[in-house]
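Engineer: Could you work out the structure for the sequence below:
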Amino acid sequence: MHETSDETLMLAVDLDGTLLCSDMLHETFWNVASKDWSSAITAVRALRDGKAALKHQLAQASDVDVTTLPYDGDVLDYISDWKEKGGKVALVTAANHEIASKIAAHLGVFDAVHGSTERLNLKGPNKAEFLTETYGADGFAYMGDTDADLPVWSAAQKIITVKAPRNLRDKAEAMDKDTVHLGSVKVDYTPYIKALRPHQWVKNILIFVPILLAQHLDLTTLFMGLLGFIAFSLVASSVYVINDLLDLDADRAHPRKCKRPFAAGTVPIQHGTAIAAVLLGLGTAVSLCVGPVFLLTLVFYFAATIGYSLYFKRRIIIDICVLAGLYTMRIIAGGVVANVMISVWLLAFSIFFFFALAAIKRQAELVDNAKTGKLAPSGRGYRVTDLPVVSQMSIASAYVSVLILALYINSPTVTSLYANPPALWGICLVLLFWVSWISITTHRGEMHDDPIVFAVKDRISRICGCFVIVFGLLGTIAL
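Structural biologist: The predicted structure is shown next:
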């Protein structure tokens, strides 16, 4: 097919999946859910009056930042070329008209805007009929990306597809009209894997801590620990997906998080809900193999993380306590797997140690905001002026955790479990150095968003980890 030079046609551009590497129906739903979950449920009830009513309800309740949405650069370039040749461009979308108007005002390249109303869903045959009535038969070119656009292309003078799969391109070309294809479908699962945050699974190694401390190293217990690790990883990934969907606006405003798959548009957000549901189902199935008590622990963990995503992360101090509790719950889950009672010593150490790491996580965010001149992190309850207090909280809690470990080493319990208890004092020295090291690193603005992920990648932290293992092994060897 050859490209027409008749730029007197009105170029009608679709929004979802065409101009925008996202879908505004899902964008507005998760935007509303992030602020008030009950409002999102209420909006969904409008679906009984039709999809247009649902879109209208969500548009009224949402406040999506259209300036940070992931727009398709190729489409914008095509529009720019069209206008340079004297053509006119209209945004014609099934998204709500109010949302479409905000996007058009932001981009400033459209001569007209048409979107769905509370009564009319401007999609498929409805869009084809509207464009024909507005611009005349064969009086427009249309740019779209899905099978729903076939009726519109049938009525258009010119067809422009955007990242259309091969079968859709064939259907468009079979209409024997001037056809242009922008972009191509690339099968790349890397963004999907990235959305699961597999690097965060390292946290779930904490499940093995009670198993190792109790020295229950039989194959059955280790296998159950592995199943527990897999179950926690699957459920944690489902929560990460949900959290990313709830944090779309905040992530897009962040210098690093804006590259996350859903925020950047490399993974369609409409896939996110399905991915989260599948991961949760798989995690639940695996946890059943471990036992009902472990499943109950996992359910509580999931509920707590959802509560954190929806509410607690916006509450100062409480958010740090919840994060520390989520780390500690992995220790508790390990105790369930090993069928051992978690000691007060281990619980106390875990609470203070992970409180320190959670505070460092917040400290790192505040340091980043101080550098960029923001007074407060997006979606958080802290201010940059809170930085000194948060820093003191992390350091104090970290040192208390080391003190608890020192007192534990001096307790009668250690004598019965370890052949060479004095060697364990080396762990205290290493931890004292490490928590001081990451405190300074965070203060300098060199900390990753997550201190545990930082520890895995940081050379000095890995060396410290090796020393901890060595001193732990020496503690089991009688000299």
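Engineer: all strands of the chain, in order?
Structural biologist: Secondary structure of the chain (DSSP state E): strands at 10-13, 88-96, 112-116, 140-144, 158-162, 178-182.
Engineer: pull the CA atoms of the fifth one into CSV?
Structural biologist: Provided in CSV are the C-alpha atoms of strand 158-162 (Å, rounded to 0.1, in the frame of the first residue of the first chain):
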residue,chain,number,x,y,z
LYS,A,158,-7.0,6.3,5.2
ILE,A,159,-5.8,3.7,7.8
ILE,A,160,-3.0,4.1,10.3
THR,A,161,-2.3,1.2,12.6
VAL,A,162,-0.1,1.5,15.7
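Engineer: quick check: angle from that strand to strand 140-144?
Structural biologist: With axes from the mean of the first three to the mean of the last three C-alpha atoms, to 10 degrees applied, the angle from strand 158-162 to strand 140-144 works out at 20 degrees.
Engineer: Now do strand 158-162 against strand 178-182, angle only.
Structural biologist: Interaxial angle, strand 158-162 versus strand 178-182 (the same axes, to 10 degrees): 20 degrees.
Engineer: for strand 158-162, what is the average pLDDT?
Structural biologist: For strand 158-162, mean pLDDT is 94.
Engineer: That strand: partners in the sheet, and parallel or antiparallel?
Structural biologist: In the sheet, strand 158-162 lines up against strand 140-144 (parallel), strand 178-182 (parallel) (DSSP bridges).
Engineer: Just the buried residues of the last one, please?
Structural biologist: Along strand 178-182, the positions that meet the burial threshold by neighbour count (16 or more other C-beta atoms under 10 Å) are Asp178, Thr179, Val180, His181, Leu182. From N, CA and C alone the C-beta is placed, and that goes for glycine too.
Engineer: now these in CSV, with distance to Leu234?
Structural biologist: Output for these, formatted as CSV (distance: C-beta to C-beta, whole Å):
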residue, distance to Leu234
Asp178, 49
Thr179, 43
Val180, 43
His181, 38
Leu182, 37
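Engineer: And the lowest mean pLDDT element among the helices and strands of the protein?
Structural biologist: helix 412-417 (a mean of 79; mean pLDDT, DSSP states H and E).
Engineer: Adding distance to Gly73 and mean pLDDT, write the strands paired with strand 158-162 out as TSV.
Structural biologist: As requested, those are exported to TSV (distance: least, C-beta to C-beta, whole Å; pLDDT from 0 to 100):
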stretch	distance to Gly73	mean pLDDT
strand 140-144	14	94
strand 178-182	10	92
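Engineer: so which of those strands comes closest to Val456?
Structural biologist: Among these, the nearest to Val456 by C-beta to C-beta is strand 178-182 (40.5 Å).
Engineer: gap between the closest one and the chain center?
Structural biologist: Per C-alpha atoms, centre = their mean, to the nearest Å, the displacement of strand 178-182 from the mean C-alpha position of its chain is 34 Å.
Engineer: Keeping just the C-alphas, turn it into PDB.
Structural biologist: C-alpha atoms of strand 178-182 as PDB (Å, rounded to 0.1, in the frame of the first residue of the first chain):
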ATOM      1  CA  ASP A 178      -4.200   3.700   1.800                       C
ATOM      2  CA  THR A 179      -2.600   2.000   4.900                       C
ATOM      3  CA  VAL A 180       0.300   3.000   7.100                       C
ATOM      4  CA  HIS A 181       1.700   0.900   9.900                       C
ATOM      5  CA  LEU A 182       3.500   2.600  12.800                       C
END
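Engineer: Leu234 touches Ala277, doesn't it?
Structural biologist: No - applying C-beta atoms under 8 Å, one finds Leu234 not in contact with Ala277, separated by 11.6 Å.
Engineer: Span of stretch 132-143 from start to end?
Structural biologist: End-to-end distance of stretch 132-143 (C-alpha to C-alpha, to the nearest Å): 15 Å.
Engineer: Now Phe232. Nearest residue, chain neighbours left out?
Structural biologist: Leaving aside its chain neighbours, Phe232 sits nearest to Asn204 (4.4 Å; criterion: C-beta to C-beta, 6 or more residues apart in numbering).
Engineer: and that neighbour, how many neighbours?
Structural biologist: Counted with other C-beta atoms under 10 Å, residues neighbouring Asn204 total 20.
Engineer: got it, and Val390?
Structural biologist: By the criterion of other C-beta under 10 Å, Val390 has 23 neighbours.
Engineer: Can you pull out the low-pLDDT segments for this structure?
Structural biologist: Within the chain, the stretches with pLDDT under 70 are 1-7, 373-380, 449, 478-479.
Engineer: Okay, domains of it per the record?
Structural biologist: Under the assignment automatic domain parsing, the domains of the chain span 10-182, 190-338, 343-349+361-479.
Engineer: Just put those domains in a markdown table and tack on distance to Phe355.
Structural biologist: Shown next, in a markdown table, are these (distance: least, C-beta to C-beta, whole Å):
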| stretch | distance to Phe355 |
| --- | --- |
| domain 10-182 | 26 |
| domain 190-338 | 4 |
| domain 343-349+361-479 | 5 |
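Engineer: can you tell which of the strands of the chain is closest to Pro261?
Structural biologist: Checking those against Pro261 by C-beta to C-beta gives strand 158-162 as the closest, at 19.2 Å.
Engineer: what comes up buried for that closest one?
Structural biologist: For strand 158-162, a neighbour-count test (16+ other C-beta under 10 Å) marks Lys158, Ile159, Ile160, Thr161, Val162 as buried.
Engineer: Ok, stretch 137-146 next?
Structural biologist: Buried residues in stretch 137-146 (16+ other C-beta under 10 Å): Gly139, Phe140, Ala141, Tyr142, Met143, Gly144, Asp145, Thr146.
Engineer: now do stretch 150-160
Structural biologist: Judged by neighbour count using 16+ other C-beta under 10 Å, the buried positions of stretch 150-160 are Leu150, Pro151, Val152, Trp153, Ala155, Ala156, Gln157, Lys158, Ile159, Ile160.
Engineer: Measure how far that stretch is from the centre of its chain, please.
Structural biologist: Centroid displacement of stretch 150-160 relative to its chain, using C-alpha atoms, centre = their mean, is 36 Å.
Engineer: Quick one: end-to-end length of it, please.
Structural biologist: Using C-alpha to C-alpha, the end-to-end distance of stretch 150-160 comes to 11 Å.
Engineer: wait, isn't Tyr192 in contact with Phe262?
Structural biologist: No - contact criterion C-beta under 8 Å: Tyr192 and Phe262 do not qualify, at 10.4 Å.
Engineer: Please say which of those two ends up with more neighbours.
Structural biologist: Each of Tyr192 and Phe262 has its neighbours counted (other C-beta under 10 Å); Phe262 has more, 27 against 14.
Engineer: check contacts around the residue lying closest to Ala155 once chain neighbours are set aside.
Structural biologist: Nearest residue to Ala155, sequence neighbours excluded (C-beta to C-beta, 6+ apart): Ala128, at 4.5 Å. Contacts for Ala128 (C-beta atoms under 8 Å, 6 or more residues apart in numbering) come out as Pro151, Val152, Ser154, Ala155.
Engineer: at 10 Å what do you get?
Structural biologist: Counting by C-beta atoms under 10 Å, 6 or more residues apart in numbering, Ala128 makes contact with Tyr142, Asp149, Leu150, Pro151, Val152, Trp153, Ser154, Ala155, Ala156.
Engineer: got it, and Asp16?
Structural biologist: By C-beta under 10 Å, 6+ apart, the residues touching Asp16 are 22-27, 93-95, 123, 144-146, 148, 268, 270.
Engineer: any idea how far the closest residue to Gly426 other than its chain neighbours lies from Val430?
Structural biologist: In space, and not counting its chain neighbours, Gly426 is closest to Phe471: 3.6 Å by C-beta to C-beta, 6+ apart. Distance check for Phe471 against Val430: by C-beta to C-beta, to the nearest Å, it reads 7 Å.
Engineer: Good, wrapping up.
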